[in-house]
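Chemist: How does the following fold in three dimensions:
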Amino acid sequence: MADLLSRLGGADRWVLERLCAEGDAWVVGGWVRDSLAGLEPGEMDIATTLRPARVAEIFLRTVPVGAAFGTVLVLPDEGVGEAQVEPSWEVTTLRSDGSYGDGRRPDEVEFGDDILEDLARRDFTINAMALDPRSGEVIDPFGGKDDLEAGIVRAVGDAGERLGEDGLRIMRAFRFLDGGEVGARELDGSLADAIAANLSMLDKVSAERKWSELQRVMQGARRVEVLRMMADAGVLAAILPEVEITLSERFSGQPAIDLALLCCDDSRSGAKLAAQLKSTLKLSNVEAASVAFLHDLQCEDLVQEIAILRRFNAALSAQMKSDFVAYFGGSGAEYATAAAAVAPPRAGNKPLVGGEALMQATGLSAGPRLGRLKGWLHRRQIEEDLATADEVLALLDSIDWQSGEPESWPALAWP
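Modeler: The predicted structure follows:
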């Protein structure tokens with residue numbers, strides 16, 4: 001195991017020294033876990049005996065991100081830290097949580113002074129270790145180092161009790177199975193049994209928290225393996241009820257794309273599926289739109305005809321094209337490359353014939369018929385690469401625009 005003090009940056013030492021000058025402080029959680037595993041640690045969490053109000057007094061720049069639970073976000077003074085991205089530290093007063101009546105958050109939080117008691121309330125042994133910045137000692141009362149070396153995710157104490165305190169820990173257990181560069185981990189047998197017995201606890205977890213945790217799983221290096229294990233354990237079915245789930249080998253690491261892949265065999269339309277997922281996971285409008293667009297696509301849509309490729313180029317935004325490539329993988333990249341080789345429209349992407357000109361040419365009044373006709377002409381303009389308004393208006397001779405059914409006139413879209 002590495003000497004963790006040597007991994008502290010100058011800005012980290014600055015904040016720890018200030019805290020230790022007033023009380024006791026320890027580095028806890030993921031920074032310790034990942035540093036011991038030889039991985040590049042992320043943001044640093046700090047536990048301290050100091051109360052939140054005192055932490056806010058010590059530093060010039062703080063944000064009370066979880067004041068009720070004793071957490072203060074500390075930002076560096078000007079000139080502290082050399083990273084392009086400004087560092088920050090979540091500093092939390094040592095706690096002794098009471099009961100969890102709603103299965104989501106403690107009914108009450110009591111501040112404490114005992115690091116061992118604080119570590120005892122944490123979820124898994126590999127997250128229940130602390131670094132003493134004064135001595136360099138790693139405080140490990142529950143065998144986290146051994147479990148880290150063995151590649152095991154084990155609950156602190158009784159697994160059923162830990163999951164009963166917060167149902168999201170079920171999903172977190174699977175996220176920590178992804179060891180990144182060091183390989184996949186395994187669930188401890190008692191934790192696996194507790195997960196099977198406590199799946200209903202996920203019903204008490206908010207949609208936002210479930211989606212946030214699922215996104216983190218989907219962005220992991222071993223997302224394919226972990227999602228498969230979540231499916232086998234019934235976790236995916238529990239968080240995505242009434243959705244047909246399909247496991248893919250080409251999960252992209254982009255959560256909205258991978259959610260669409262996960263649901264690709266669902267029989268509903270993209271709009272209906274996206275509405276269901278938006279309700280179940282509280283997706284953003286952008287995420288839901290991406291799922292709806294991708295879900296309606298099929299492999300047979302990848303026809304490389306010049307007119308269809310022109311519509312692909314004109315109708316899709318850069319983000320939609322990127323999502324498309326991620327969704328279809330190699331075949332999507334091949335299709336996008338073929339589309340990029342097509343010369344841009346001679347007249348650009350905007351319609352050459354606007355509403356006023358079309359009313360003059362046809363005598364139609366403003367309304368759905370005129371709008372549909374304008375959209376159809378625009379589509380044909382793009383498909384045939386027409387360069388003048390006269391060429392576009394000449395298309396009126398090929399359509400029964402006076403008495404035909406406007407709903408049958410497709411506007412510019414892909415596919």
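Chemist: C-alpha from now on. contacts and neighbour counts both.
Modeler: Noted.
Chemist: Would you work out how far apart the start and end of stretch 278-285 are?
Modeler: 8 Å (CA to CA, to the nearest Å).
Chemist: Actually, stretch 77-91.
Modeler: 16 Å.
Chemist: I'd like the average pLDDT over it.
Modeler: Rounded to a whole number, the mean pLDDT of stretch 77-91 is 77.
Chemist: Ok, stretch 189-207 next?
Modeler: pLDDT averaged over stretch 189-207 gives 97.
Chemist: Can you point out the buried residues in it?
Modeler: 191-192, 194-195, 198-199, 201-202, 205, 207 (16 or more other CA atoms under 10 Å).
Chemist: which outside residues touch it?
Modeler: 102-104, 154-155, 159-160, 163-164, 166-168, 170, 233-235, 238-239, 280-282 (CA atoms under 8 Å, 6 or more residues apart in numbering).
Chemist: those strands in this protein, which residues are they?
Modeler: 25-28, 44-48, 61-66, 71-75, 89-93, 95-97, 109-111, 130-131, 138-139, 152-153, 186-187 (DSSP state E).
Chemist: want to throw these into a markdown table with distance to D34?
Modeler: A markdown table is the format used below for the strands of the chain (distance: least, CA to CA, whole Å):
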| stretch | distance to D34 |
| --- | --- |
| strand 25-28 | 11 |
| strand 44-48 | 11 |
| strand 61-66 | 24 |
| strand 71-75 | 21 |
| strand 89-93 | 16 |
| strand 95-97 | 23 |
| strand 109-111 | 27 |
| strand 130-131 | 12 |
| strand 138-139 | 13 |
| strand 152-153 | 14 |
| strand 186-187 | 16 |
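Chemist: Which one of those has the poorest average confidence?
Modeler: strand 95-97 (a mean of 75).
Chemist: picking up where we left off before, pipe the buried residues of stretch 189-207 into a markdown table and attach distance to E225 per row.
Modeler: A markdown table is the format used below for the buried residues of stretch 189-207 (distance: CA to CA, whole Å):
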| residue | distance to E225 |
| --- | --- |
| L191 | 18 |
| A192 | 16 |
| A194 | 21 |
| I195 | 18 |
| N198 | 22 |
| L199 | 20 |
| M201 | 23 |
| L202 | 21 |
| V205 | 24 |
| A207 | 23 |
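Chemist: Sitting in helices, which of those do you find?
Modeler: Judged by DSSP state H, the subset of the buried residues of stretch 189-207 located in helices is 191-192, 194-195, 207.
Chemist: Just give the nearest non-adjacent residue to D296, would you?
Modeler: Leaving out its chain neighbours, the residue that sits closest to D296 by CA to CA, 6 or more residues apart in numbering is G270, at 5.2 Å.
Chemist: Might one say that L364 is in contact with G371?
Modeler: No. If you go by CA atoms under 8 Å, L364 and G371 don't touch, sitting 10.1 Å apart.
Chemist: what is in contact with those two at once?
Modeler: In contact with both L364 and G371: no residue, using CA under 8 Å, 6+ apart.
Chemist: picking that back up, now, of the contacts of stretch 189-207, which are buried?
Modeler: Counted by 16+ other CA under 10 Å, these give 103-104, 154-155, 159-160, 163-164, 166-168, 170, 233, 235, 238-239, 280-282 as buried.
Chemist: Inside helices: which ones of the residues you listed?
Modeler: Going by DSSP H, the helices hold 159-160, 163-164, 168, 170, 235, 238-239, 280-281 from the buried ones among the contacts of stretch 189-207.
Chemist: what would the residues you listed look like in a markdown table with pLDDT and distance to G10?
Modeler: Shown next, in a markdown table, are those (pLDDT from 0 to 100; distance: CA to CA, whole Å):
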| residue | pLDDT | distance to G10 |
| --- | --- | --- |
| A159 | 97 | 38 |
| G160 | 97 | 41 |
| L163 | 97 | 37 |
| G164 | 96 | 40 |
| L168 | 97 | 34 |
| I170 | 98 | 36 |
| V235 | 98 | 42 |
| A238 | 97 | 44 |
| I239 | 97 | 42 |
| T280 | 96 | 43 |
| L281 | 97 | 40 |
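Chemist: Need the max-distance pair from those.
Modeler: A159 and T280 (26.8 Å; CA to CA).
Chemist: Please enumerate the helices of the stretch 201-350 of the chain.
Modeler: 207-218, 223-232, 235-239, 255-262, 270-281, 285-295, 306-315, 318-328, 330-340 (DSSP state H, counting those that start in this stretch).
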